[in-house]
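no sequence for this one, just the structure:
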């Protein structure tokens, strides 16, 4: 593809994302729905003007990394730590329940093979942290206690998803699973989360110290974007999702960075506010590309809507996909309205589910009808989750206001 075509596509994606987001807001619909709809309209589902390629995927990846940096920057670490045990319970239950239910439905009800059933169960474990965070932010609940629980659980879910994906892929390619390899991935991820925020904090202190020595504008955003991308690169090198590198960098620069061995690294609230103000335009530029890309990846035109199998298969999996996550929320020791909305927030599969499904298709594991059914599940949980959550918060707003 020529460079001028890519430039045209990027411009078209940005303008369409903004236009559809504005239309969505006019109808009192979350802006993320507009951005996802822009991708569906521009992509193979309707107009077919833009086909996802590596350049656009890279820009979308930068968008989600920067979004997670902003989330980390605004995260109340005390709340996140306080929510830690509940986040772990939610993540484990939200991982295991959809996996087991999805496997049982496909293996016993639809008589699919063992490996296909495992891949489908793995796809249903996914939670799109980008979609979930954007929904909570648009509803003004990303700093609430349920927002912190969901955030922590979604991060853990991503790690578990990457590990499961690596195990399944290894099983498909070489016919066995290496326990030592899986253990090393877990160890590297743990070490990354221990060390990355401290390293990012030390680097940020140097940025704060020297930014006044130059009179050229843009010093802070240039250095911070470089820091975030470096953290994302390191995360990938050790086997973790890149977006967790952005999250770790944001945590390190947040107002309440309180890891025990980093107490001496004082936080400058004024500098943190300045970081947010100078980075926000860059984040707002790249983030819509990610959500448009999710819409571009959903080829709903390739689905045979007259197939009885696809309808039965997809509706069964949609039920399992929703129930598995909502039931996980119900296991938490919290008021019922809060437990329910926490489970609902974990439902969107988004890009994480697409990665699972695409890997299965590319490896020849998922035949066209099964792949199409999974696309319906991913599309349904991603596109409709904002509507459920908005309605639920509106319906039970008084209970949430009371805490």
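Received the coordinates, thanks. Remember, it's a predicted structure, so these values are computed and weren't measured experimentally. Numbers count the residues shown, from 1 in each chain.

biggest helix in the protein by residues?
helix 179-210 (DSSP state H).

Touching the helix or strand following that one from outside, list them.
Going down the chain from helix 179-210, the next helix or strand is helix 219-237, by DSSP states H and E. Under the contact criterion C-beta atoms under 8 Å, 6 or more residues apart in numbering, helix 219-237 has outside partners 62, 65-66, 69, 192, 196, 200, 203-204, 207, 211, 241-246, 248-250, 253, 274-275, 278-279, 282. Heads up, the C-betas are built off the backbone N, CA and C, glycines and all.

ok and helix 219-237 relative to helix 179-210, angle-wise?
170 degrees (axes from the mean of the first three to the mean of the last three C-alpha atoms, to 10 degrees).

Now helix 219-237: buried residues?
219-221, 223-225, 227-232, 234-235 (16 or more other C-beta atoms under 10 Å).

nearest to residue 130, of those?
residue 232 (13.5 Å; C-beta to C-beta).

Just give the closest residue to the closest one, not the sequence neighbours.
Distances taken as C-beta to C-beta, 6 or more residues apart in numbering put residue 245 closest to residue 232, at 3.6 Å, once the chain neighbours are dropped.

is it true that that neighbour touches residue 66?
No: in this structure residue 245 lies outside contact range of residue 66 using C-beta atoms under 8 Å: 11.0 Å.

Quick one: distance of the strand or helix carrying the residue nearest to residue 232 to the chain centre.
Assigned by DSSP H and E, residue 245 belongs to helix 242-253. What separates the centre of helix 242-253 from the centre of its chain is 13 Å, taken as C-alpha atoms, centre = their mean, to the nearest Å.

Tell me which other helices or strands that helix touches.
Other helices and strands packing on helix 242-253, by 3 or more C-beta pairs under 8 Å, 6 or more residues apart in numbering; DSSP states H and E, are helix 54-74, helix 145-174, helix 179-210, helix 219-237.

List the contacts of residue 153.
Neighbours of residue 153 in contact, by C-beta under 8 Å, 6+ apart: 87, 88, 90, 91, 94, 127, 346.

what's the neighbour count on the closest residue to residue 238 other than its chain neighbours?
Using C-beta to C-beta, 6+ apart and skipping residues adjacent in sequence, the residue nearest residue 238 is residue 188, 3.8 Å away. Residue neighbour count, defined by other C-beta atoms under 10 Å, stands at 15 for residue 188.

any idea how far residue 397 is from residue 188?
Noted for residue 188: a distance of 43 Å to residue 397, by C-beta to C-beta, to the nearest Å.

any chance of the buried residues of helix 219-237 in TSV, plus distance to residue 99 and pLDDT?
What follows is these, written out as TSV (distance: C-beta to C-beta, whole Å; pLDDT from 0 to 100):
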residue	distance to residue 99	pLDDT
219	47	83
220	43	81
221	40	86
223	41	86
224	37	85
225	36	89
227	35	86
228	31	87
229	32	90
230	33	88
231	29	85
232	27	86
234	29	84
235	24	80
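
wait, which of these is closest to residue 383?
residue 232 (27.1 Å).

Of the contacts of residue 153, keep whichever come out buried.
Buried, going by 16+ other C-beta under 10 Å: 87, 90, 91, 94, 127, 346, out of the contacts of residue 153.

Identify those among the residues you listed that sit within strands.
Judged by DSSP state E, strands contain none of the buried ones among the contacts of residue 153.

Max pairwise distance over these: which two?
Among the buried ones among the contacts of residue 153, 87 and 127 lie farthest apart (C-beta to C-beta), at 11.8 Å.
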